[in-house]
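In: got a sequence here, can you build the structure:
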Amino acid sequence: MTRIGFIGLGNMGLPMAANLVKAGYQVKGFDLSPSALQAANEASIATTNSAVETLEEAEVVITMLPAGHHVRAVYTDEEGILNHVTKGVLLIDCSTIDVSSARDVVSAASARGFDMVDAPVSGGVGGAQAGTLTFMVGGTDEAFERAQPILEAMGKNIIHAGGAGNGQAAKICNNMLLGISMIGTCEAFVLGEKLGLDHQKLFDIASTASGQCWSLTSYCPVPGPVETSPANRDYVGGFAAALMLKDLKLSQEAARDSGVATPLGQHAASLYEEFNEAGQSDTDFSGIINFIRNGAN
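Out: A predicted model of the protein is given here:
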């Protein structure tokens, strides 16, 4: 039975760790939040008193953390993972962070002789709970082959995106596109309303015509057409606007570093920043349709 240390038991990490337990892995987890540790225990996940204790006897270590500086610290600080894991341990970081941090941490791990992949996810809390996440994985072929069966216990689509950091690159490119397409979908519905179009009629037409996209067909931002959309729950749950803004900011940071112009991505980031500043950070990102209705710039 493979022993896994899991650091970061938040909204995503907890159900991911729970699915590893269900798949027969022996999991020990840690989080700085006492409530997260309690929830983990209730989900039959063994917990520890520190990140270092989580590493004891681990054959695989998985991290799910908020930002790049957290990942750097947890791996490379004096009390970090790289100084406390034994030879041969596989390292998997599932956080969504900047590409530079991901590549630097993988490089530090490689210099110590460890296989490591960056493996951010798509699918949200629902996908984490259902075990249907998509993993975008960066790393060597050997590291990917080792990580794949572990990731398959938590997800449905496991895609090797290339070398170190390419998992993060794929994630931020995908979510930049998602943010842009959601704003476009919302604008289309708001314009349709002003022109007297029924929501369902517009959906029936656009979802089978050239305007179709995931933001429309799977996550429609108005109530009715897609039963599972957060629009039917007053935009509660789903993918929080704060997380969309985080990913859009990462995309713009990468665009600046790469010298690539992304004017639509930049405008999407600006709109989501205004939306968050208006007190909507916990609202599902599709709720930006109300912001657009009220005259967002």
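
In: quick one: which helix or strand includes the closest residue in space to D104 that isn't next to it in sequence?
Out: In space, and not counting its chain neighbours, D104 is closest to R72: 7.0 Å by C-beta to C-beta, 6 or more residues apart in numbering. Using the backbone N, CA and C atoms, a C-beta is placed for each residue, glycine as well. Under the criterion DSSP states H and E, the helix or strand holding R72 is helix 68-76.

In: can you name the residues in contact with that helix?
Out: Contacts of helix 68-76 from elsewhere in the structure, counted by C-beta atoms under 8 Å, 6 or more residues apart in numbering, are 7, 51, 63, 65, 80-82, 91, 93, 95, 97-98, 100-102, 104-105, 108-109.

In: send the alpha carbons of the helix or strand that that helix is followed by over as PDB?
Out: As assigned by DSSP H and E, the chain's next helix or strand after helix 68-76 is strand 90-93. Presented in PDB, the C-alpha positions along strand 90-93 are these (Å, rounded to 0.1, in the frame of the first residue of the first chain):
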ATOM      1  CA  LEU A  90       7.800  11.300  -5.600                       C
ATOM      2  CA  LEU A  91       6.700  14.900  -5.200                       C
ATOM      3  CA  ILE A  92       3.500  16.300  -6.700                       C
ATOM      4  CA  ASP A  93       2.400  19.900  -6.400                       C
END
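
In: now strand 90-93, how far from the centre of its chain.
Out: Distance of strand 90-93 from the chain centroid (C-alpha atoms, centre = their mean, to the nearest Å) equals 16 Å.

In: can you pull the contacts of A242?
Out: Listed by C-beta under 8 Å, 6+ apart, the contact set of A242 reads N276, S281, D282.

In: oops, could you answer that again for S215 instead?
Out: By C-beta under 8 Å, 6+ apart, S215 lies in contact with L178, S181, M182, G184, T185, P221, S286.

In: need the pLDDT of A296.
Out: A296 is assigned 67 on the pLDDT scale.

In: which stretches of this protein form helices?
Out: Applying DSSP state H to the chain gives helices spanning 13-22, 34-42, 51-55, 68-76, 99-111, 124-130, 141-152, 166-194, 199-206, 214-217, 241-258, 263-275, 288-293.

In: of these, flag the one that's most buried.
Out: Stretch with highest mean neighbour count among those: helix 13-22 (a mean of 23; mean count of other C-beta atoms under 10 Å).

In: report the angle between it and helix 141-152.
Out: Relative orientation of helix 13-22 and helix 141-152, computed by axes from the mean of the first three to the mean of the last three C-alpha atoms, to 10 degrees: 90 degrees.

In: for helix 13-22, which outside residues touch it?
Out: 4, 6, 9, 27, 29, 31, 36, 39-40, 43-45, 62, 64, 94, 121, 125, 128-129, 131, 133, 150, 153-154.

In: mind checking pLDDT for K87?
Out: K87 is given a pLDDT of 93.

In: quick one on the thing from earlier: please pick the buried ones from the contacts of helix 13-22.
Out: 4, 6, 9, 27, 29, 31, 36, 39-40, 43, 45, 62, 64, 94, 121, 125, 128-129, 131, 133, 150, 153-154 (16 or more other C-beta atoms under 10 Å).

In: what sits against the residue nearest to the spatial centre of the chain?
Out: In the chain, the centroid-proximal residue (C-alpha atoms, centre = their mean) is V121; its distance is 4.5 Å. V121 makes contacts with M12, M16, C94, T96, G127, A128, L133, T134, F135, M136, G155, K171, as judged by C-beta under 8 Å, 6+ apart.

In: list the contacts of the last one.
Out: What that stands for is K171. Counting by C-beta under 8 Å, 6+ apart, K171 touches T96, P120, V121, S122, M136, D247.

In: swap in 7 Å and give it another go.
Out: T96, P120, S122, M136 (C-beta atoms under 7 Å, 6 or more residues apart in numbering).
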